[in-house]
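> any chance you can model this:
(one chain, ligands or ions: 1)
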Amino acid sequence: MLKFLSPYITLFNTLKQFWRGRIIRAEPFGFSRRADNLAAVDLALLIQNGIRGVILDLDNTIISEDDRYLSPGAEAWIEQAHQEGLRLFILSNGKRRYRVEFWSLRLGIPALSSAKKPFPFAFYKALTRMHLVPKQVVVIGDSCHTDILGAWLMGCPWIQVATLPHPFRWWEKLLGKRVQIPYPAYLELWDCDVRY
Ligand SMILES: [Mg+2]
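Residues are numbered from 1 along each chain as shown. The predicted structure is shown next:
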């Protein structure tokens, strides 16, 4: 019985270590791998470290998945990134296509929905359309198991931002806590006025 279970135990332990950040010991990117929110990411530092493009997550990174909150200063940050000449792309696992298209138009960023992160297919598409190689593109998102794992599989640098407040998912209810980094209480939140 134990022999049968041992590969699964090894896999579980590997995933646990990945989760705790013990396996991810990639070369330092030259910038912090964590940020409170999108606006807290230093664009000048990214450019200084050879970054030419950004793959962004949408849900709970730019806007909360229940459309309640907008990440403060995110739109100004995106505008600034455009002005600095960075190529931006949105990869969303969201299944509501009209919603992703709406934000793609509003922010002026091409987007792919149902991206099925962390699988690399959508990342490949994004990189091809950006005409950049993985090292030049930073992935910014809130979820360790989709955005960060996907970036790691692709060989892209990444920045994990705190997740915007949103309703607990069933597995989070089961765990009794958020699986992402909770949004810091001292940070402001902007209400979102969008109605589709
Ligand atoms: Mg997300």
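> spell out which parts of the chain neighbour the ion.
57, 59, 60, 142, 143 (CB under 5 Å from the ion). (Glycine included, C-beta is placed from N, CA and C.)
> try 8 Å this time
Within reach of the ion by CB under 8 Å from the ion, the chain has these residues: 57-61, 65, 92-93, 141-143, 146-147, 163, 180.
> keep only those of those that are in strands.
Judged by DSSP state E, the residues of the chain next to the ion include residue 141 as members of strands.
> so what sits opposite the residue nearest in space to the middle of the chain in the bridge?
Central residue of the chain (CA atoms, centre = their mean): residue 141, 1.4 Å from the mean position. With DSSP bridges as the criterion, residue 141 is bridged to residue 160.
> which ones are touching it?
Shown in contact with residue 141 (CB atoms under 8 Å, 6 or more residues apart in numbering): 56, 57, 61, 117, 147, 148, 151, 158, 160, 161.
> repeat for residue 129
Applying CB under 8 Å, 6+ apart, we find residue 129 in contact with 89, 110.
> part of a helix, is it?
Yes. Counting by DSSP: H, G, I helix; E, B strand; the rest coil, residue 129 is found in a helix.
> picking up where we left off before, quick check: the farthest pair among the contacts of residue 141?
117 and 161 (14.9 Å; CB to CB).
> circling back to that earlier point, turn the contacts of residue 141 into a markdown table, columns for pLDDT, distance to residue 125 and neighbour count.
Shown next, in a markdown table, are the contacts of residue 141 (pLDDT from 0 to 100; distance: CB to CB, whole Å; neighbours: other CB atoms under 10 Å):
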| residue | pLDDT | distance to residue 125 | neighbour count |
| --- | --- | --- | --- |
| 56 | 97 | 15 | 26 |
| 57 | 97 | 15 | 27 |
| 61 | 96 | 19 | 26 |
| 117 | 92 | 12 | 27 |
| 147 | 95 | 16 | 28 |
| 148 | 94 | 19 | 26 |
| 151 | 94 | 15 | 28 |
| 158 | 95 | 18 | 23 |
| 160 | 95 | 22 | 22 |
| 161 | 95 | 23 | 28 |
